[in-house]
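Peer 1: How does the following fold in three dimensions:
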Amino acid sequence: MSSNHNETSVKLEEKLLSDEIQAIQNWWGTERFKYTKRPYTAKDVAVLRGTISSKPLSAYTSTKLYNMVRASFEKGQFNHTFGALDPVQVIQMAKYLSCVYVSGWQCSSTASTTNEPGPDFADYPANTVPNKVDQLFRAQLFHDRRQREERSKMTHAQRLAKPPVDYLRPIIADGDTGFGGVTSVMKLMKMQIEAGAAGVHLEDQKGGAKKCGHMGGKVLIAIREHVDRLSAARLQADIMGVETVLVARTDACSATFLECNIDGRDHPFISGTTNPNIGTLEDACNKALAKGESYEAAEAAWLKDANLCRYGDAIADAMKKAGKPANVINAWLKESLTLDNSRARKRAAELGFGNVFWCWDAPRPREGYYRVIGGVDYSAARAIAFSPLSDLIWMETATPNVEEADEFHKLVHAVIPHQMLAYNLSPSFNWDAAGMNDNGIQQFQHELGKRGFVWHFITLAGFHSNGLIIDQFAKAYAGEKGVLAYVQMIQREEARLNVETLTHQKWSGAEMQDFAMGVATGGTASTASLKGATESQFHGHSKL
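Peer 2: Residues are numbered from 1 along each chain as shown. Modelled structure (predicted):
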């Protein structure tokens, strides 16, 4: 009897696994994953799932997000948003913007789970951003419920006159560098997805050396390591059965260093010295320190004499000095970007330039990193490598520049025409010094949309807008006006512009809670919160 029972159980177990594998394969065969290429199998995913599971609520918004950006790509349009700081911002944004961004910088400076603020070095706890996502997503869910209860009391005509607000705007969250290795990335993704993130971005900087994209001294990891990060992120989403939108960010445009040269695809962009008599940077700096001199000054002097350049450029310079025609030099430069250093040296020797001195070890600093000469071409090379596992690619830039964006889109789309792109409309840019007038700034996003940049975001607009209004209000309130400053600058403006926070008790869901209390008590509750509430003073003074 026991043997028959075991045989039956095992057959059922095998069938359930087989059915799940087939279901995953069918899911991967849908239009959603038309362009996704995974280095693992459906069976790998199935065996990493548990016996029971429930689909995270973010499954709804992740599908919504992907469909939205893909539709924009096909039409040459874009979706845009900014970094939300708190539940008030995320709810008020919902009336106007199609999605929401959660910035690691904002979280690091205002919402670390240790409550210790600091700059964006990704040294805050890994659950910091998921914790903020959870707060904002819960606010979205709450106000979605509040609105349903409110609209249930409307007449048909009232509903027609006041369309509902879609509070369930997809949230795209900052995943920084993943906070560790492959398993750390998976754990971070799990937290993000369960918290409510519809999309997550991961950047190709080195953990422990990570900086805000608009700071100096950035260190890239090898291409293959970031591909592993992206694969881990996709795997976790697959395990959870969600279509989380994955954004791959590259800082290769303005990075200074590369952690290691293990991946040949990075080699064409590593810089080396062409000065055979210079010695190493580390020796020069150590000698300076022994003399009591400045490390920074010694480094600057060494770099000035090193004549750093990429290997391909070193050979091109030698070709030019030898009188080679421009077409030959250009052909070499194009080919050199596809070769690791060993093959590039072999090819240079075949062309008669094997004796050109170029050393990539001498410029390495005390940490042992290789130096790189970044640029749009390096960013594009990384974007192409990241594309199979990513839905969008984000090239971090130093300035808002249509020409630069155009070059990037052409390099990427020449190889991967379906690839969607993202753009950071950074508040670190001095927009007034970017060479555009107001009309140019206004049209900037439309130009990006034409080039496949479908998701735009002002990372820290929530932070800056909060700082601006609080600074101005606090200054006026502390002055002679006192409370009049609040009345003039905030309350009257809320009433004039019909901003829902004017009646903050209603905004917070007090009416819904009163209704729930009445339902729970069979309609006998006598302690409804809005009976005699002072907020009734606004009735007739607001259109809300």
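
Peer 1: Domain map for this protein?
Peer 2: 35-259+374-463, 271-371, 481-538 (automatic domain parsing).

Peer 1: residues touching the nearest residue to residue 196 once chain neighbours are set aside, list them.
Peer 2: Closest residue to residue 196 apart from its sequence neighbours, by Cβ to Cβ, 6 or more residues apart in numbering: residue 137 at 2.7 Å. (Each C-beta comes from the backbone N, C-alpha and C, glycine too.) Residues near residue 137 by Cβ atoms under 8 Å, 6 or more residues apart in numbering: 57-58, 171, 195-197.

Peer 1: is it true that residue 137 lies in a helix?
Peer 2: Yes - looking at residue 137 with DSSP: H, G, I helix; E, B strand; the rest coil, it is inside a helix.

Peer 1: Which pLDDT does the model give it?
Peer 2: Looking at residue 137, its pLDDT reads 98.

Peer 1: Against residue 272, how distant is the nearest residue to residue 365 once chain neighbours are set aside?
Peer 2: In this structure, residue 365 finds its nearest non-sequential neighbour in residue 281, 6.3 Å apart by Cβ to Cβ, 6+ apart. As judged by Cβ to Cβ, to the nearest Å, residue 281 and residue 272 stand 12 Å apart.

Peer 1: and for the two, which residues touch both?
Peer 2: Both residue 281 and residue 272 are contacted by 362-363, under the criterion Cβ under 8 Å, 6+ apart.

Peer 1: Kindly export the least confident helix or strand in the chain by mean pLDDT (C-alpha atoms) in PDB.
Peer 2: The weakest-scoring helix or strand in the chain, judged by mean pLDDT, DSSP states H and E, is helix 510-520 (a mean of 87). The C-alpha coordinates for helix 510-520 follow below in PDB (Å, rounded to 0.1, in the frame of the first residue of the first chain):
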ATOM      1  CA  ALA A 510     -11.200  59.700   6.900                       C
ATOM      2  CA  GLU A 511     -14.500  59.300   5.100                       C
ATOM      3  CA  MET A 512     -13.600  55.800   4.000                       C
ATOM      4  CA  GLN A 513     -12.600  54.900   7.500                       C
ATOM      5  CA  ASP A 514     -15.900  56.300   8.800                       C
ATOM      6  CA  PHE A 515     -17.700  54.100   6.300                       C
ATOM      7  CA  ALA A 516     -15.700  51.000   7.300                       C
ATOM      8  CA  MET A 517     -16.500  51.700  11.000                       C
ATOM      9  CA  GLY A 518     -20.200  52.000  10.200                       C
ATOM     10  CA  VAL A 519     -20.100  48.700   8.200                       C
ATOM     11  CA  ALA A 520     -18.300  46.900  11.000                       C
END
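
Peer 1: ok so, going back, per-residue confidence for the residue nearest to residue 365?
Peer 2: For residue 281, the predicted pLDDT is 94.

Peer 1: my read: it touches residue 362, true?
Peer 2: Yes - counting by Cβ atoms under 8 Å, residue 281 does reach residue 362; the two are 6.4 Å apart.

Peer 1: any shared contact partners between the two?
Peer 2: Going by Cβ under 8 Å, 6+ apart, residues that sit against residue 281 and also against residue 362 are residue 306.

Peer 1: Okay, now the unreliable bits of the stretch 401-544 of the chain?
Peer 2: 527-535, 540-544 (pLDDT under 70).

Peer 1: show me where it has strands.
Peer 2: Per DSSP state E, counting those that start in this stretch, the stretch 401-544 of the chain has strands spanning 420-424, 453-458. These are given in chain order.
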